[in-house]
Structures are given as structure tokens and as C-alpha cells.
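Engineer: pasted the sequence and its predicted model underneath.
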Amino acid sequence: MSRFILCFCVALLQLVSEATLSDPIYEGDTWVEKDSPLRIVCKIPMHEPYTLQWTINNEPIDLSLTGEIGYIIEDDFLESESALLSILNVQKTQPLHAGSYRCNEFSSHGHLVLVLSGEVVETGFKYGQSELILNCSLPDDKVSWYHNGTLLVEADNLKMMRENSVHMLKIVKPKVAHIGSYTCEGSGKAVTDFRVAMEPIVAALPTSFNIVEGENFRLPCVVYGYPTPNIEWRREGEEGQWESLIADGHFMFEPNNEGIANGTLLIEEVKLDDRDNYMCFASNDLGNHNGTTLIRVIDKYAALWPFLGICIEVIVLCAVIFVCEKRRNKKQFDESDNEQNNTKHTGNAKDSEVRNRK
Ligand SMILES: *[C@@H]1O[C@H](CO)[C@@H](O)[C@H](O)[C@H]1NC(C)=O
Ligand SMILES: *[C@@H]1O[C@H](CO)[C@@H](O)[C@H](O)[C@H]1NC(C)=O
Ligand SMILES: *[C@@H]1O[C@H](CO)[C@@H](O)[C@H](O)[C@H]1NC(C)=O
Ligand SMILES: *[C@@H]1O[C@H](CO)[C@@H](O)[C@H](O)[C@H]1NC(C)=O
């Protein structure tokens, strides 16, 4: 019985510890040159030591590789941070080491390794371009294409062709998802690498904003592109030329939701003369793109003026009515005074009449 309770407790503890396991934290380079060392540090914050298992693209890593291209794993327990540490090393990285690494099966994400071998073909595309063709000259009859270490299969927007000794990968209507590293691999592990970049594109900003004077205003700029574009904010000057904004406490910059530096413009306590056209200007090695918007500033008292106007109108009207009423009352009072005198007279007249009749 006591053994059963013990088992039950252990199972419960395991359940709890599994549920409270945090995702591992990875450190290491994504782009690794061929023949240079690969090092990925995986840190699992936890309280109970735990079995580690390194996988690449969801398959166990190949532990049969030996020598300079073999995997060497060092495990350690960091008492100070109560974290489990595992370091994966390869002395001379090869294309076969490219892929997404995870250090235990509970990780929801992995660490991507892309191997750059020898010469890298740098190319790029512009959003909306009809196609992008990568040319790989290998003597092989057949080659395998990889994107970020994942084997590619033909699809409607992905065609693999061969013309003489040139193998071609045609990407139809390339999009953001197509940036990254491409590898063309032949039978003899001969490879050609491509780094596919994308010219920046700024998602259209709303045409205009109406901001009440004195409020804080935050304007994020959504930008796509690779390598990650630089974002600069500009303001339209007097003569229609664009001037760069500098962070001065009134204008400030923050990363946008995608974490791109300076991706959000912040205006602290908007002033009336902040009214202007503003531009989000994104650029990388390939080119640039921009988005603009008009910021209108509404006077803090703008809503108050009509209200005050109505108040004044009401007060004036009341005063006029009051004065008129007073004058009328006075007139009426005078008139009723006369009337009273008249009745008195008639009364007297009646009296005298009566008297006369008597
Ligand atoms: C590959 O070759 C085609 C013509 O055959 C050319 O249009 C294309 O630009 C080339 N691609 C690169 C990345 O140079
Ligand atoms: C491929 O890698 C690049 C560079 O790290 C990354 O920006 C891109 O999102 C990746 N794409 C995919 C589909 O994994
Ligand atoms: C952000 O903007 C400031 C200008 O105020 C500039 O000095 C800085 O280099 C920018 N950072 C990046 C990463 O573009
Ligand atoms: C902003 O984009 C427009 C339209 O794409 C272009 O005509 C203009 O030259 C660009 N401005 C700058 C400063 O690059």
C-alpha cells in the first residue's frame, strides 16, 4: 500500500514538473561557415535534472559521425541558476549539419543552423516580382534543393528544372516566406549556396490621424525585408523636402511589433505645430520603400469653444428675458395701479349713484 502511494506521488511530481518545464533557451550562430566550428548552447531552466536528447529536423542527431565532423556534447548542471546545460559542438561544420536543432522533445522551438559553404550567391527580389530563378551548375543529373536546411519539394509556386548542366529553382511570385538560405546539393555533396534577400516593403499607413493636442501618439510601421531593413522617420519640411527626425524627447523611437529597431514613432504630448506629413523610410542593401501619413492636431479647446458659445448664448438670452420681464412687470404694476384708482373712482361713482338712488 505504502509503495503504491509512493508510486502515485512520484508520478504526480513528474506530471507537475513536466507541466512547469520552461522552454529551453538557445545560444549560437545561425549562419556558420563551412569548415568552421559549430556551437549551440541549450539551457533548460528547471528544478529536476532531465534527460536531454538532441534532434535535427525532428530526427535524432547522427551520433555515428566521428572525427572533425562528429557531434561532441557536453552536459552540465548550473547550480546557481538551477538550469540544465547542454552544449553541442562540431569542429568542422558541413552542409549536412544544417537544420533546426532541439535539445529535448518538449521544446516548442529549435535553433536554426545554416551552413555557408565556399562561395555564396547573393540575390534578391522585390515584393510583387513575377519570379526568381536560382541557377546551380553541378554536373549531377539530379540535385536536391534545400531552404533553410529543409528539403524542398516541387509545388505550384516552386519549379525545379534543368537546362544542360544548369539546375534551376524557379520561385513564382516570391514572398516574405521565400527569403533565407538555399542550397543546391549534388550527389558528391557538392553544393552551391544562395542567400535570397528581399527589398523592403512598408505596409501602407492610414492616410491621416486626428490627434488631440497634449496626448501621446504612437505610430508603428510594419516593414518586411531581408536583411532586416533600417527604419528612419522623416517629416515634410516647409518646401516639401523630407527631413529626418531625431530622437529629442518629444519625438522618440521604439522597436515595432516585429522587434525592428526604430520601427515605432512616438510623439510625446503632441503640439499644434506637429501637424505635418510623416514618413516611415525603410532601406536595406537592395533598396528602399516608404509609407506616409498626415498627422492633424486638434486644439484641446476645440471641443470647448462651441460649448462655451452655447453657454454665453444662454446667459445672454436669460439676461434679455430677465430684463424684458422686469420691464413688463413694472409696466403692468403701473397699469394695475391706475386700474385700482379707476375702480376706486367707479366705486365712488357707484356709491354716489346708490346714494343718489336712495
Ligand atoms: C538564372 O538564370 C536566368 C536565365 O537563365 C536569369 O534570368 C536569372 O536572373 C538567373 N538567376 C540569378 C540569381 O542570377
Ligand atoms: C529562413 O532563414 C531566414 C534567415 O534566418 C529567416 O529570416 C527566414 O524567416 C527563414 N525562413 C523559413 C521559412 O524558415
Ligand atoms: C535609430 O534612430 C536613431 C536616430 O535618432 C539612430 O541614431 C539609430 O542609429 C537608429 N537605430 C537603428 C538600429 O537604426
Ligand atoms: C517614397 O515613395 C514614393 C512612391 O513609392 C516615391 O515616389 C518617393 O520618391 C519615395 N520617397 C523617398 C524619400 O524615397
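Structural biologist: Nice, thanks for sending it over. Source: prediction; values computed, not measured. Residues are numbered from 1 along each chain as shown. Ligands and ions are numbered 1, 2, ... in the order given.

Engineer: the residue lying closest to N230 once chain neighbours are set aside sits in which helix or strand?
Structural biologist: In this structure, N230 finds its nearest non-sequential neighbour in S283, 5.6 Å apart by Cβ to Cβ, 6 or more residues apart in numbering. For every residue, glycine as well, the C-beta is placed using N, CA and C. Using DSSP states H and E, S283 sits within strand 276-284.

Engineer: tell me the confidence at the residue most central in space within the chain?
Structural biologist: Per Cα atoms, centre = their mean, the C-alpha nearest to the average position across the chain is that of N257, at 2.0 Å. What the model reports for N257 is a pLDDT of 90.

Engineer: my guess is it contacts P220. True?
Structural biologist: Yes. Applying Cβ atoms under 8 Å as the test, N257 and P220 come out as touching, 6.1 Å apart.

Engineer: how far does stretch 281-301 stretch from one end to the other?
Structural biologist: Start to finish, the residues bounding stretch 281-301 are 34 Å apart (Cα to Cα, to the nearest Å).

Engineer: verify the contact between the residue nearest to N230 and V202 for me.
Structural biologist: No. At 10.2 Å, S283 and V202 do not qualify as touching, with contact defined as Cβ under 8 Å.

Engineer: look at those two and report which has more neighbours.
Structural biologist: Each of S283 and V202 has its neighbours counted (other Cβ atoms under 10 Å); V202 has more, 21 against 17.

Engineer: what sits against that one?
Structural biologist: 221-223, 280, 282, 289-291 (Cβ atoms under 8 Å, 6 or more residues apart in numbering).

Engineer: show me where the stretch 251-358 of the chain has strands.
Structural biologist: Secondary structure of the stretch 251-358 of the chain (DSSP state E, counting those that start in this stretch): strands at 251-254, 264-267, 276-284, 287-298.

Engineer: quick one on the thing from earlier: which ones, among the contacts of V202, also lie beside ligand 4?
Structural biologist: Among the contacts of V202, the residues lying close to ligand 4 (Cβ under 6 Å from any ligand atom) are N290.

Engineer: looking at the contacts of V202, which is nearest ligand 3?
Structural biologist: For the contacts of V202, the minimum distance to ligand 3 (Cβ to the nearest ligand atom) is 10.4 Å, reached by A282.

Engineer: state the pLDDT value of the closest one.
Structural biologist: Confidence at A282, expressed as pLDDT, is 97.

Engineer: hang on, the earlier thing: overlap of the contact sets of N257 and P220?
Structural biologist: Joint contacts of N257 and P220 (Cβ under 8 Å, 6+ apart) are G263.

Engineer: hang on, the earlier thing: next one: the residue nearest to N230 from N104, what distance?
Structural biologist: According to Cβ to Cβ, to the nearest Å, S283 stands 40 Å off from N104.

Engineer: tell me the secondary structure at I73.
Structural biologist: Under the three-state scheme (DSSP: H, G, I helix; E, B strand; the rest coil), I73 adopts strand.

Engineer: ok, it - contacts?
Structural biologist: 52, 54, 86-89.

Engineer: try 7 Å this time
Structural biologist: 54, 86-88 (Cβ atoms under 7 Å, 6 or more residues apart in numbering).

Engineer: identify the residue spatially nearest to the residue in the stretch 51-200 of the chain positioned nearest to ligand 2, adjacent ones excluded.
Structural biologist: Among the residues of the stretch 51-200 of the chain, G180 lies closest to ligand 2, at 2.7 Å counting by Cβ to the nearest ligand atom. Distances taken as Cβ to Cβ, 6+ apart put N148 closest to G180, at 4.6 Å, once the chain neighbours are dropped.
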